[in-house]
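> got a sequence here, can you model it:
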Amino acid sequence: MKPAYQPIFQPFTFQPGGVHLKSRIVMAPMTHLSSNEDGSISDEEIRYYTRRAKGVGMVITAATYVSAQGGINGAPGADRDELIPGLSRLAAAIQAEGAKAVLQIFHAGRQGSKTGDVVSSGTIPEEREGAPIPRELTEPEIHGLVQAYADAAGRAVEAGFDGVEIHGGNGNLLHQFYSPYTNRRSDSFGGSLEKRMTFPLAVARKVLQTVRDRAKKPFIVGYRLSPEEPETPGITMSDTLAFVDALSTVGLDYLHISLKDFRSVPRRGVTDTRSRLEIIQERAGHELPVIGVGSVHTPEDALEALQAGIPLIAVGRELIMEPEWGELIRQGREDEIRTTLSLNDRQALTIPDPMWKLMLSIPGWFPVEDSRE
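Predicted coordinates:
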C-alpha cells in the first residue's frame, strides 16, 4: 500500500459504545430490490454483501422496512419476528469478512407501500407521473410507527447486528415529516421547525431506549439525513443545522449525511463557501462522528474527504463497480480499480439481477459501456 493511503485504513472506535472498525471506509446503503417477496433475505443478497464486505470497516445494508405499509417490493423487512433468522444470516455473512454489520431501517411514506396504504405527513404526492396522493397519518398511527422502528431495531439486536441506522433522508417518511414542503400539519407533529422534528426525534429516542434495554454487546445507532431540498418551501441548510443540533443531544453514535457529491455546497440558508459536509462536521463533529458519502471513487477522493476532517467515508456506487475496492488499495493495486461497467459484468461482479436492471434503468446513475458491439 502506498504510504499516502494509510489514513484510509486507520482503525476507528465509536465512543462510548466501543464498536471497533478496521478502517475508515463504510459500504453505503444501496437499494438492491433483491430480497424475497415476503421481505426475507435472499441468497443472492447474501452473496452480494459477502463479496463487498472484506475491504470495508462497516457495511450498512439497504433500507429495511419497519412496516409493510411503508415497505417497497424487493426490499428487506424487519417488521416481524419470522424474518430474524434471515437477518441473522446476513449479519453473520458480513461479519465473517471482518466488517461490522449495520441494518438500515426505514418507512417509505409516500414513496410506496406493500399494502397499498400510501401514507405521509400530509397529502402532497411525489412529483412523478401516476404518483398516488398519500393519506395523512393520524397522531395514534404516528405513535404506533415510533414503536415499529423500535421493534425493528430490537430484531436487529436479536439477529446479531452491530448497529442500526435510522434512515431519515432521501425523501422517506421521516424526511417527509421534517420537510416544510410535505409537512403542512397544524398539530403537534407539524407547523414550526421544532414540531416537524418531533416524529424523527421520537423515533431516535425510542430506538436508543430499545437498544439499551436489549443489547448484550456494543451496539451503535446512527441517523441518516439529506441536508437540503430543491423545493420551496423546503429544507434549507439552516433547517438542517437546527436538526443536526437536536440530533446531537439524543445519544446517537453517528450522523450519516446523504449527498450525491461530498464536495457540494449549500443552496440556501447559510452563507458559506465550504461544503455542506464540512459545515455539518464543524457543527456536530465534537458531539458525534459524521459519515460522509457522495462521489467517492478513487483513494484520492477518500483522502480528500478525510483531510477535510470527516472521520468516516461511505462508498456506494464505486463498491458496486469494484467489490474489491478497499483490498486493491491495501495491496497497492489501485490502478486496477474498475470505474465503469460493461453490459456483461453482472455475474462477474455478483450484482443481483433486480439491482442490475434498476441500475440500467436510470440514465447516468452508473457509467455503462456497451461491450457487445
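> and the closest residue to residue 226 other than its chain neighbours, what pLDDT?
Spatial nearest neighbour of residue 226, chain neighbours left out: residue 169 (3.6 Å); criterion: C-beta to C-beta, 6 or more residues apart in numbering. Every residue, glycine included, has its C-beta placed from N, CA and C. Here, the pLDDT recorded for residue 169 equals 97.
> check residue 308 too.
For residue 308, the predicted pLDDT is 89.
> burial count for the residue nearest to it when sequence neighbours are not counted?
Distances taken as C-beta to C-beta, 6+ apart place residue 278 nearest to residue 308, at 5.3 Å, with adjacent residues excluded. A count of nearby residues for residue 278, using other C-beta atoms under 10 Å, gives 21.
> and the residue nearest to residue 226, its phi and psi?
The phi/psi pair for residue 169 (degrees, to the nearest 10) reads phi -120, psi -170.
> that one is in contact with residue 178, isn't it?
No - judged on C-beta atoms under 8 Å, residue 169 makes no contact with residue 178 at a distance of 9.5 Å.
> more neighbours, those two?
residue 178 (27 against 20).
> model confidence score at the more buried one, please.
So residue 178 comes in at 98 (pLDDT).
> for the protein, which helix is longest?
The helix that spans the most residues within the chain, counting by DSSP state H, is helix 139-159.
> what residues does that one touch?
Helix 139-159 has contacts (C-beta atoms under 8 Å, 6 or more residues apart in numbering) with 64, 66-67, 70, 78-79, 81, 83-84, 87-88, 90-91, 103, 105, 107, 119, 137, 163-164, 166, 173, 187-189, 199, 202-203, 206-207, 209-211, 214-215, 219, 221.
> could you do stretch 303-311 as well?
With C-beta under 8 Å, 6+ apart, stretch 303-311 has contacts from 4-5, 7-8, 12, 24, 262-263, 275, 277-278, 281-282, 285, 289-292, 296, 313.
> before we move on, what about stretch 16-26?
With C-beta under 8 Å, 6+ apart, stretch 16-26 has contacts from 7-14, 55-60, 98-100, 162-163, 218-220, 253, 291, 293, 302, 306, 311-315, 325-326.
> so the residue nearest to residue 308: helix, strand or coil?
Secondary structure, DSSP: H, G, I helix; E, B strand; the rest coil: residue 278 is helix.
> how about the contacts made by it?
So residue 278 contacts 308-310 (C-beta under 8 Å, 6+ apart).
> picking up where we left off before, quick one: the residue nearest to residue 226 from residue 200, how far?
10 Å (C-beta to C-beta, to the nearest Å).
> what number of residues lie near residue 9?
16.
> what's the closest non-adjacent residue to it?
residue 23 (4.6 Å).
> which of the three states applies to the one you found?
Strictly by three-state DSSP, residue 23 counts as coil.
> those helices in the stretch 1-150 of the chain, which residues are they?
Taking DSSP state H, counting those that start in this stretch, the helices of the stretch 1-150 of the chain run over residues 43-53, 84-96, 139-159.
> okay, now residue 117: neighbour count?
13.
> brain fart, residue 38
12.
> list the contacts of it.
residue 77.
> in the chain, where is pLDDT below threshold?
Applying pLDDT under 70 to the chain flags residues 371-373.
> mind running it again at 80?
Scanning the chain for pLDDT under 80 picks out 17, 370-373.
> who's the closest spatial neighbour of residue 289, skipping the chain neighbours?
That would be residue 254: by C-beta to C-beta, 6+ apart, it lies 4.5 Å from residue 289.
> and residue 25, by the same measure?
Per C-beta to C-beta, 6+ apart, closest to residue 25 is residue 56, 4.7 Å.
> doesn't residue 314 make contact with residue 289?
No - using C-beta under 8 Å, residue 289 makes no contact with residue 314, being 11.9 Å away.
> more crowded one of the two?
Shown here are residue 289 and residue 314; by other C-beta under 10 Å, residue 314 has more neighbours (28 against 21).
> that's a helix at the more buried one, yeah?
No - the assignment for residue 314 is strand, going by three-state DSSP, so no helix is present there.
> any idea what it is bridged to?
residue 26, residue 293 (DSSP bridges).
> let's number from 164 now, not from 1
In the new numbering, first residue 164, that becomes residue 477.
> so who does it touch?
188-191, 223, 419, 454-456, 459.
> turn those residues into JSON lines, including distance to residue 278 and neighbour count.
What follows is the contacts of residue 477, written out as JSON lines (distance: C-beta to C-beta, whole Å; neighbours: other C-beta atoms under 10 Å):
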{"residue": "188", "distance to residue 278": "37", "neighbour count": "27"}
{"residue": "189", "distance to residue 278": "32", "neighbour count": "29"}
{"residue": "190", "distance to residue 278": "30", "neighbour count": "26"}
{"residue": "191", "distance to residue 278": "28", "neighbour count": "25"}
{"residue": "223", "distance to residue 278": "26", "neighbour count": "28"}
{"residue": "419", "distance to residue 278": "28", "neighbour count": "26"}
{"residue": "454", "distance to residue 278": "32", "neighbour count": "24"}
{"residue": "455", "distance to residue 278": "35", "neighbour count": "29"}
{"residue": "456", "distance to residue 278": "31", "neighbour count": "25"}
{"residue": "459", "distance to residue 278": "37", "neighbour count": "25"}
